[in-house]
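In: Give me a model of this one.
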Amino acid sequence: MKVVIVGGVAGGATAAARIRRLDEQAQIVVFERSGYISYANCGLPYYVGGVIADPAELTLQTPESFFARFRVIMKVRHEVTAIRPDRKSVSVRNLETGEAFEESYDKLILSPGARPTQPRLPGVGIDKVFTLRTVEDTFRIRAYIDACHPKSAVLAGGGFISLELAENLRELGMEVTIVQRPKQLMNPFDADMASLLHNEMRRNGVKLALGHTVEGFVEKDDGVDVLLEGEAALHADLVVLAIGVTPDTSLAKEAGLELGIKDSIVVNDRMETSVSDIYAAGDAVQVRHYVTGEATLLSLAGPANKQGRIIADNICGGDSRYHGSQGSSVIKVFDLTAATTGINETSARKAGLEVDTVILSPMSHAGYYPGGKLMTMKVIFEKGSGRLLGAQIIGYEGVDKRIDVLATAIHAGLRADQLKDLDLAYAPPYSSAKDPVNMAGFMIDNIFRGTLKQWHLEEVSALPRDGSVTLLDTRTAEEYEAGHIEGFQNIPVDELRERLDEIEKGRRVYVICQSGLRSYIACRILEGSGYEAYNFSGGFRFYDAVMHDRCLIQSASACGRDQV
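Out: Below is the predicted model of the structure:
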C-alpha cells in the first residue's frame with residue numbers, strides 16, 4: 001500500500017507516524033510546501049519575543065529524524081499542484097529545482113492546513129506588513145526586529161496569535177496597538193468575560209482600538225500608516241495581520257471534492273472526503289461541533305492530531321470515528337490564563353437554545369493556604385434539560401485544571417447540576433474541599449431546585465428606580481462607599497436580620513455583593529422571611545470590570561481611539 005500525504009505538521013505528520021506503527025510495509029510519502037514538516041505552531045509568537053531562544057526548539061521533527069525512526073519519505077519544499085483522482089496520482093513541483101513530476105497513490109491524505117486571511121486592501125504587500133502562520137513567517141518577523149529595532153507595532157485582529165504576539169512584543173519594549181472590527185477580543189469568549197482580558201491588556205500597556213475597520217496600509221515616515229474607516233490613521237514601525245485563517249483548499253476544489261463552509265473540505269466521521277480513497281484532516285476540513293451538532297471550522301492543534309490518527313486507523317483496516325470538535329482552548333495573557341470549552345452564551349442563543357449561566361469567583365485553592373488567587377468562571381447550560389453547553393474561566397492559577405474537568409464533563413454528557421457530584425482531588429495548595437467546579441454545580445443545582453433565583457448584568461439598566469422594587473447591596477459600608485450601582489441601598493449581610501423592617505414586603509428584592517456569596521446568603525435570609533429575592537450573577541467586582549471596559553470602548557469610539 002502506498003500512501004501520499006499532502007502537508008505535514010499536526011494532521012499529516014501524525015497520520016504518517018501512526019500508519020507506520022500499524023503497517024510496517026506501507027510506503028509513505030509526505031510532500032510539504034514549506035521547509036518544515038513538523039513544528040510547534042503555537043510556539044511561534046514566543047520565538048518572536050525571545051522566550052524561545054533557539055529556533056531548533058520550534059522544529060519537532062526533521063525529514064532526517066522522521067525517516068530514521070519511521071522510514072517515511074519526507075519531501076520538504078515540494079508543492080503538490082494538482083490532484084488527479086481518475087488515475088490516483090498527484091502532480092508535484094520541487095520548489096528548489098523547478099522539477100515537476102507525478103506521484104501515484106493508493107490512499108491520499110490532505111492536510112494542507114489554513115493560510116492567514118489576506119484582505120484585499122491597499123498596501124497588503126508592503127514589506128513591513130507581516131503575517132504569522134509558519135516558521136518562515138516567524139523568522140522574517142524576528143529578522144526584521146533584530147535588524148530594524150521597531151519601537152511600535154499594530155496588530156490587526158484579536159484572536160490567539162494577536163494576543164500572544166502583543167504580549168511578546170510588549171516584553172521587547174514596543175508600543176503595541178490591537179485594532180479590529182468587533183468590539184471585543186477573543187470571540188470564543190462572551191463579551192462580558194472578554195472585558196477581563198481587555199483590562200489585563202490595558203494594564204500591561206497594550207492599546208485597544210476595538211470596533212474599528214482597517215481600510216489599508218500606506219508606507220510613511222519609515223513606517224506604516226494603518227488606515228481606519230472614518231478615523232485617523234494609526235502609525236507603526238511594524239504591522240502584523242492576524243485576522244484569522246482561511247482553509248487552504250484550492251487543490252481539493254480543483255479536484256472536485258465536496259466543499260463546505262469557507263470552501264473547507266467536507267468529510268464524514270471517518271475523515272473520508274467525497275472522493276474514494278482521499279482523506280482530509282486539520283484546519284482545512286469542516287467538522288461537526290460536538291455540542292451543537294452543526295457544521296463548523298475550528299483551527300486547533302488537538303483536533304488535527306486526533307483526525308490524523310483516525311485516518312491512519314481507517315487506512316490500515318480499522319474503523320475509527322471522529323465525534324466532533326468541542327473547541328477547548330487555553331491562552332496566556334500576560335499574568336492571566338484564559339480558557340474556554342464548548343459554546344459560549346452568545347453562540348448558544350444564536351443557535352436558538354434557551355440557556356442560563358452562573359458566574360462565580362472562587363479562589364484557586366483553599367483560602368487559608370497562602371497564595372490563593374481569584375478566578376472568574378462562567379458556566380453555560382440549557383434550561384429544562386440541564387445540558388452542560390460550555391464554560392469560560394479567566395484567572396491566574398488552576399484555570400487549565402478546571403477547564404479540562406468541564407471539557408470532560410461536556411464530552412461525557414453530564415448535566416450541569418451533576419458537576420456537584422464530581423469527586424475531585426483536594427489538598428490546600430491545589431484546591432478547596434468544594435472545588436470551583438463543584439461550586440458551579442451547587443449553584444446550578446440550587447437554580448433547578450428553586451433555591452437560587454438570579455438576575456444578570458444585562459438587566460441592570462432596566463431595573464426600575466421608582467421604588468416598585470428594592471435594590472439591595474449587602475457589602476460592608478466601606479465597600480459600598482468605594483463604589484456601587486446607583487439606586488442600591490446598603491445593608492451589610494451580617495446586619496440584615498436586624499434591619500428587615502427597612503425592606504418593604506411585597507416587592508421583589510434584587511441583591512448584590514462583591515462576588516455573589518454574601519448576596520446569596522442574604523437572599524436565603526430574605527426568602528426565609530417572606531420576601532422574593534434575586535441574586536446578582538457575578539457580583540459587583542464582575543459588574544465593575546465589565547462596565548469599566550464598556551465605558552472605555554464607548555469613549556474610544558467617540559474619540560476615535562482607545563488610549564488607555
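In: Now do the contacts for the nearest residue to Thr134 once chain neighbours are set aside.
Out: In space, and not counting its chain neighbours, Thr134 is closest to Ser34: 5.4 Å by C-beta to C-beta, 6 or more residues apart in numbering. Yep, even glycine has a C-beta here, placed from its N, CA and C like the rest. Contacts for Ser34 (C-beta atoms under 8 Å, 6 or more residues apart in numbering) come out as 76-77, 134-136.
In: how distant is the host helix or strand of Asp146 from the center of its chain?
Out: When elements are assigned from DSSP states H and E, Asp146 belongs to helix 135-148. With C-alpha atoms, centre = their mean, to the nearest Å as the basis, helix 135-148 stands 26 Å off its chain's centre.
In: So which elements touch the following helix or strand past it?
Out: The helix or strand immediately downstream of helix 135-148 is strand 152-156, counting by DSSP H and E. Contacts defined by 3 or more C-beta pairs under 8 Å, 6 or more residues apart in numbering; DSSP states H and E place strand 152-156 against helix 160-171, strand 175-180, strand 223-228, strand 231-236, strand 238-241.
In: what does the last one rub up against?
Out: This points to strand 238-241. Contacts for strand 238-241 (C-beta under 8 Å, 6+ apart): 116-119, 124, 126, 128-132, 141, 144-145, 150, 152-157, 162, 165, 174, 217, 223-224, 226.
In: same deal with stretch 422-434?
Out: So stretch 422-434 is contacted by 362-369, 371, 398, 405, 409, 435, 437-438, 441-442 (C-beta under 8 Å, 6+ apart).
In: for that stretch, the distance to its chain's centre please.
Out: Taking mean C-alpha positions (C-alpha atoms, centre = their mean), stretch 422-434 and its chain are 26 Å apart.
In: Likewise for stretch 323-330?
Out: 10 Å.
In: Endpoint to endpoint, that stretch covers what distance?
Out: 21 Å (C-alpha to C-alpha, to the nearest Å).
In: buried residues in it?
Out: Judged by neighbour count using 16 or more other C-beta atoms under 10 Å, the buried positions of stretch 323-330 are 324-329.
In: Tell me, how many residues neighbour Asp335?
Out: 12 (other C-beta atoms under 10 Å).
In: mind checking how far it is from Cys523?
Out: Relative to Cys523, Asp335 is positioned 33 Å away (C-beta to C-beta, to the nearest Å).
In: likewise Arg18?
Out: Taken as C-beta to C-beta, the span from Arg18 to Cys523 is 54 Å.
In: of the two, who's got more company?
Out: Cys523 (26 against 21).
In: which residues in this protein form helices?
Out: Assigned by DSSP state H, the chain shows helices spanning 9-22, 44-48, 63-70, 135-148, 160-171, 191-203, 250-254, 301-315, 345-350, 399-412, 436-449, 477-482, 517-528, 539-559.
In: just for the stretch 151-300 of the chain, where's the confidence low?
Out: Residues of the stretch 151-300 of the chain meeting the criterion pLDDT under 70: none.
In: So, low pLDDT: which residues of this structure?
Out: 39-40, 60, 556-564.
In: tell me the contacts of the closest residue to Pro188 other than its chain neighbours?
Out: Closest residue to Pro188 apart from its sequence neighbours, by C-beta to C-beta, 6+ apart: Thr340 at 4.7 Å. By C-beta under 8 Å, 6+ apart, Thr340 lies in contact with 188-189, 327-330, 390-393, 403.
In: Which of the residues you listed fall within strands?
Out: 329-330, 390-393 (DSSP state E).
In: Can you tell me which of those is nearest Leu208?
Out: Taking C-beta to C-beta as the measure, Leu208 sits nearest to Gln392 out of these, at 19.3 Å.
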